[in-house]
Structures are given as C-alpha cells and as structure tokens.
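> A structural model of the following input is requested.
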Amino acid sequence: MIADLLHLLKHELLLTGVLFILLFLKLSDKGRNGSSWAGIVNGLLLVNFALGLFGNASGELFNGLFINSPLLHLEKNILNLGILLVSLIAFPYVRSHHHTSEFYMLLVSTLLGMFFMLSAGHLLLFYIGLELATIPLAALANFNLNRSASSEAGVKMILSSAFSSALMLMGISLIYGTTGSLRFSEIAATLSGSPLQLFSFTMILTGFAFKLSAVPFHFWTADVYEGAPVPVTAYLSVISKAAVAFTFTGILYTTFGALSETWYFLLFILAMATILVGNLFALRQQNIKRFLAFSSIAQVGFILAGLSSGSTEGQAAVVYFLLIYLFSNLAAFGVVTLVSATSDRERIDDYKGFYKTHPVLSWVLTIALFSLAGVPPTAGFFGKLFLLTAGASTGNYVLTGFAALNMVISMYYYLRIVKAIFMDENEYPVSGVSTGILPGIALAICIAGILLTGFSGPLYAFIHSLSNGI
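Sure, this is the predicted structure:
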C-alpha cells in the first residue's frame, strides 16, 4: 500500500519535498542573495524533472479520488520541463529581487495544484487543485511590489479567477444535484443530456474558457500579462494554459463524452471567435507583452479547434501542440525577459535594429515567432497541421478553413516584429543585454525543441499511443 502510494503520488511528493526544502532554507536563511536562491531552486527543479521521467506507475488512490496514467505522467513531465525553463529564464529578474525565495515557493505551489487538478478523479479534488494553482498566481502577478501596474494585474487576476471559479463551482453543484455524484466515472455513467445538465456543463465550460482566455472571456489576459513580471507572464502564458488545457481535454472526453453534440457546437463557436479576436487585437499592440498575450489567445483558438474533433487524434494533437508551444513561447519570453531586465524596455518599437546589437538573441526571437506563426520547417507548423487535421477529421471544413485563413493574418503581425528586428532603424537601439549561462541554456533547449520536435515522428506516435480518446 505504501509502495503504491509513493509511486502513484511521486510527482506530487517530489514537488512537496521541494517546497519543504525551500521553506526550511528560508527559515534558516542567513542572507542568501537572489543568485544563491536561483542556483538552489534550479538544481532542485532539475532533480525533480529527472526523477519524474522514471519509475512512474498507473492506477488510482483513495477509492478513485486520485488517478494516474501514462498520459498524465507525460503531461506532468511536460509541465516539470516548463517550470524548469521558466526558472532558468527568470534568473535576470530574481537575482536582484528581495523576495526571491517567496517567488519560487509560490511558483512551485501553483504547479503542485496543477498536478492535483490533472490527476483528479473527483470534482472536489479538481476544484481544490484549481484553487491551489490559481491563488498563488495572483500573488505572483503582483510581485513587482513597487509598480502600480503589477498591483492592478494582481487584482484583475484574483477577481477574474474568483468569478470564473464561482461559475464553475455553481456548475459542479448542479451536476451533483442531477447525477448524485462528484466522481468523474459516475457522472459519465449517469449523464442523460437533460436541460439542467446542459446548463451545468455550460457553466463548467465557461469556467474553463476563463482560465484558457478564450473569447469572450479573455478581457483580463492582456492587462494581467502587461502588469505582471515577464517570467510570471511566461508562466501564465505557457504552464498555466497547458495545465488547464490538459485537464479540460481529459474531463471533456471522458466525463462529458455523452454531451459531445453540445460541446462540439460550443467549441466550434469559441474556437472561431478566439482565433479571430486574438489575431485582430494582436495586430494593433505596441507593448510586446500585450502582443504575446493576444498571440496566446489566438493559439488557444487552434487548441479548441483540435479539441472539437472529440477523437484520439484531437487529444494527441493538443498534447503535441502544447509541447511545441512551450518551447516556442518560452523562447520568445526568454528574450523579452533579458531585454526587460537590462533596459526595462517592452515596446515593439524598442526592438528596431535589435539585430545590429544582439544578432544571436535576434535569431532566437525570430525562430520562436516563426514557430508561433506556423512557418515551416519549425515545429509550430507541424503542431498546427495536426490540430487542423484532427479538426477536419469530423468533416468540419468550415472551422478548419477559417483557422487556416487566420494563419495568414497571424503571419503579418509576427513578421512585423521580424521586420523591426532586422530592417528598421533605431536611434537608440537596445544594447548591453547579457544572456548569462542559465538563460542561455534555457534558450538553447527551446530552440532545439522548436527545430527538432516537428521532425520527430516517433514523438507524435508515442503521444498518440498514450491518448485515450473519448
């Protein structure tokens, strides 16, 4: 029994161990600076990622309250890799901050909540994991304590999260009232498609749409991304989105599969609106963090398009795309973090002539933008191709064609930044940006992932083999 507990809860226990180590070190702190804390945490997160790759077991605990499967282990390993890369990229920011230890404890706490959310076999554990993942994120958004924009980001984050969580909790309550259970397996067995159940599901879907920043529930995203510290914005954009998307996919396919006709229609509308609005608003942004915020909203639309297939191919395409998106977006945010930490410049115009002063970082940012746009041969092209193929497998050529046309629109605003980097002149170009060892390692991993993942056919086949479909 103890052995099963240790194996099935391994990812969660490892993160809890990291948290306790950080807490003990904080209590015995004798003046460690930000660089020392960053070195300790990066080492712990590297060990956590390495141990998470081996010795994983599948099964359930606590009478089905907590479940694990090979696909869930893969998703947790992807998130472990993501938080390690975010931590490496964040080094220029945290080394000069007075609350570095608190930053990392909040960061690890959110990931622990996401793990419980992923492995939940019961709506109560899912909701507890969701709140554990959300509340520390609001504190992280407000981590620039001397900036009013950061305080505004924290307030908007907590208010929007509270509202979406309340909607979701109401939906959960109504689902319990109509099915008599909070267990996913029992809910799936008793769904009848009654009007009250459809209404309950719509409220739960609305809560997920808030967390994913799907249109029209996206209004908090740009303001929070702009006001939060750049590493926190990167974490929100990639790790938080991926965890919610992973969880949403599992719940949608396994628990609410009987309502597939309803959620197919809803996802169809959400996907089209999210892709279009995300692209149109990205066109007019001048702050690069707001630009990446609306870019991430458009990417969510592609994820919803793939999810609408309700098939094994859709589930595999979502996991594969999110792995590629992790590399692409973190590479872009890595460069933005370095520039912001050095010069505090975050406007797109500040990147004019960037190639003349920092050619290597210019190419890193360009490759990341090409991948986000879906330009071959970067991995982003293959990720979107598989998503659109999954969406087209149901015969929904309208949504597929609409998404493909919007890729042309997105090409314009991504190439606008590339043009600024390589072709435009700047009287006061950004200069003196030092990459450093830790961010350099993270950027190298991201670029390798962008260039190699798309050509790794066995990787997609492996993800497909783990996917459970409906």
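
> going forward, measure contacts and count neighbours with C-alpha atoms only.
Will do.

> which secondary structure elements does the helix or strand bottoming out on mean pLDDT in the chain contact?
Counting by mean pLDDT, DSSP states H and E, the chain has its least confident helix or strand at helix 2-8, which shows a mean of 72. Applying 3 or more Cα pairs under 8 Å, 6 or more residues apart in numbering; DSSP states H and E, we find helix 2-8 packed against strand 59-61.

> any low-confidence regions in the stretch 51-200 of the chain?
Along the stretch 51-200 of the chain, segments meeting pLDDT under 70 are nowhere present.

> what's in contact with the least confident helix or strand of the chain?
The contact list for helix 2-8, computed with Cα atoms under 8 Å, 6 or more residues apart in numbering, reads L13, G55, N56, A57, S58, G59, E60, L61, I67, N68.

> please redo it, this time with the cut-off set to 6 Å
Residues from elsewhere that reach helix 2-8 (Cα atoms under 6 Å, 6 or more residues apart in numbering): A57.

> Next, L443: secondary structure please.
Secondary structure, DSSP: H, G, I helix; E, B strand; the rest coil: L443 is helix.

> which helices and strands sit right next to the helix or strand where S410 lies?
Assigned by DSSP states H and E, S410 belongs to helix 397-422. If you count contacts as 3 or more Cα pairs under 6 Å, 6 or more residues apart in numbering; DSSP states H and E, helix 397-422 packs onto helix 354-357.

> residues touching G383, list them.
F321.

> per-residue confidence at it?
If you check G383, the pLDDT there is 88.

> what pLDDT, on average, does the helix holding S410 get?
If you average the pLDDT over helix 397-422, you get 86.

> Likewise for stretch 438-456?
Mean pLDDT, computed over stretch 438-456, is 88.

> Contacts for that stretch next, please.
L85, L88, I89, F327, A331, T378, A379, F382.

> Which two among the residues you listed are spaced furthest apart?
Within the contacts of stretch 438-456, L88 and F382 form the most distant pair, 26.7 Å apart (Cα to Cα).

> Who has more neighbours out of these two?
Taking other Cα atoms under 10 Å, L88 and F382 do not tie; L88 has more neighbours (25 against 22).

> picking up where we left off before, give me the distance from the least confident helix or strand of the chain to the chain's centre.
From the chain centre to the centre of helix 2-8 is a distance of 28 Å (Cα atoms, centre = their mean, to the nearest Å).

> And the next helix or strand past that helix?
Once helix 2-8 ends, the next helix or strand along the chain (criterion: DSSP H and E) is helix 10-27.

> Extract the CA atoms of that following helix and return them as PDB.
What follows is helix 10-27, C-alpha atoms only, in PDB (Å, rounded to 0.1, in the frame of the first residue of the first chain):
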ATOM      1  CA  LYS A  10       5.500  10.500  -7.000                       C
ATOM      2  CA  HIS A  11       5.300  13.800  -8.900                       C
ATOM      3  CA  GLU A  12       3.200  15.400  -6.200                       C
ATOM      4  CA  LEU A  13       5.500  14.200  -3.400                       C
ATOM      5  CA  LEU A  14       8.600  15.400  -5.200                       C
ATOM      6  CA  LEU A  15       7.100  18.900  -5.500                       C
ATOM      7  CA  THR A  16       6.000  18.900  -1.900                       C
ATOM      8  CA  GLY A  17       9.600  17.900  -1.000                       C
ATOM      9  CA  VAL A  18      10.900  20.900  -3.000                       C
ATOM     10  CA  LEU A  19       8.500  23.200  -1.100                       C
ATOM     11  CA  PHE A  20       9.600  21.900   2.300                       C
ATOM     12  CA  ILE A  21      13.300  22.200   1.400                       C
ATOM     13  CA  LEU A  22      12.700  25.800   0.300                       C
ATOM     14  CA  LEU A  23      10.700  26.500   3.500                       C
ATOM     15  CA  PHE A  24      13.400  25.100   5.800                       C
ATOM     16  CA  LEU A  25      16.100  27.100   3.900                       C
ATOM     17  CA  LYS A  26      14.000  30.200   4.200                       C
ATOM     18  CA  LEU A  27      13.700  29.700   8.000                       C
END
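
> Next secondary structure after that helix?
Per DSSP H and E, the first helix or strand lying C-terminal to helix 10-27 is helix 34-52.

> Contacts for stretch 388-396, please.
Against stretch 388-396 from outside (Cα under 6 Å, 6+ apart): A305, G306, S309, E313, G314, T400.

> and it, how far apart are its ends?
One end of stretch 388-396 to the other measures 10 Å (Cα to Cα, to the nearest Å).

> Buried ones in that stretch, by neighbour count?
Going by neighbour count (16 or more other Cα atoms under 10 Å), the buried part of stretch 388-396 is L388, T389, A390, G391, A392, S393, N396.

> in the protein, which spans are strands?
For the chain, applying DSSP state E gives strands covering 59-61, 66-68.

> Reformat the ones you listed as a markdown table; add distance to F246.
Formatted as a markdown table, those follow (distance: least, Cα to Cα, whole Å):
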| stretch | distance to F246 |
| --- | --- |
| strand 59-61 | 18 |
| strand 66-68 | 13 |
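
> Can you lay out those strands as JSON lines showing mean neighbour count?
Below are the strands of the chain laid out as JSON lines (neighbours: other Cα atoms under 10 Å):
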{"stretch": "strand 59-61", "mean neighbour count": "16"}
{"stretch": "strand 66-68", "mean neighbour count": "20"}
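
> I am finished for the moment; much appreciated.
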